[in-house]
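> fold the stuff below for me.
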Amino acid sequence: MGKKSKKIAVEGSRNELNVSPFGALDSSGLPENSVLSNPLEVEKTQEPSEQKKKSRGRVDVVRQRSAGSGGWSTIAKNFVGISVEEKNSLKKNMQKRCGVGGTLKNGAIEIQGDKREEMRDILESAGFRVVFAGG
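Numbers count the residues shown, from 1 in each chain. A predicted model of the protein is given here:
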């Protein structure tokens with residue numbers, strides 16, 4: 001007996017291999033020009049909206065020694081026109097990003113450790129003008 005051929009039969013139309021799986025999809029409900037020709041256009045359209053953001057006021061960020069343990073704590077104070085709920089959400093965001101504990105006392109946000117740079121980034125992204133004050 002002879003050896004069996006291990007060749008795969010390729011009879012039939014060669015177009016079967018070149019058929020797009022998305023060819024049967026219907027695009028009738030989509031708006032015209034839904035795909036941007038240049039992906040950088042998205043970034044250009046988003047930049048001016050960030051620059052037009054109004055400042056929500058000045059916030060002082062102070063670093064001081066904690067009373068009990070002698071470690072550092074960072075305090076953001078002098079918020080004007082901001083609700084307690086928004087301060088609480090800012091505090092939670094700072095705690096999560098810095099990986100430390102914190103509290104809300106007398107309208108000021110206190111975060112454990114020297115985290116002035118991280119607090120500045122969070123507060124500036126929320127629209128506040130941050131000023132480092134004190135030690």
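> tell me which stretches of the chain form helices.
Assigned by DSSP state H, the chain shows helices spanning 40-51, 84-98, 116-125.
> and those helices, which one's lowest on average pLDDT?
Of all those, the minimum mean pLDDT falls on helix 40-51 (a mean of 52).
> helix or strand with the lowest mean pLDDT in the chain?
None of the helices or strands of the chain scores lower by mean pLDDT, DSSP states H and E than helix 40-51, at a mean of 52.
> any figure for the gap between Val62 and Gly29?
56 Å (CB to CB, to the nearest Å). The C-beta positions use only the backbone N, C-alpha and C, and glycine is treated the same way.
> contact partners for the nearest residue to Phe132 once chain neighbours are set aside?
Using CB to CB, 6 or more residues apart in numbering and skipping residues adjacent in sequence, the residue nearest Phe132 is Val61, 5.5 Å away. If you count contacts by CB atoms under 8 Å, 6 or more residues apart in numbering, Val61 has them with 74-76, 116, 119-120, 123, 130-133.
> redo that, cut-off 6 Å
76, 116, 119, 130, 132 (CB atoms under 6 Å, 6 or more residues apart in numbering).
> picking up where we left off before, of Val62 and Gly29, who's got more company?
Val62 (18 against 5; other CB atoms under 10 Å).
> ok, the nearest residue to the more buried one once chain neighbours are set aside - how many residues close by?
Excluding the flanking residues, the one nearest Val62 by CB to CB, 6+ apart is Gly134, at 4.1 Å. Neighbours of Gly134 under the rule other CB under 10 Å: 9.
> tell me how far Gly134 lies from Ile75.
From Gly134 over to Ile75 (counting by CB to CB), the distance is 9 Å.
> find the residues that touch each one of these two.
Val62.
> re earlier: from the contacts of Val61, which would you call buried?
76, 116, 119, 130 (16 or more other CB atoms under 10 Å).
> how about the strands in this structure?
58-65, 72-77, 102-105, 108-112, 129-133 (DSSP state E).
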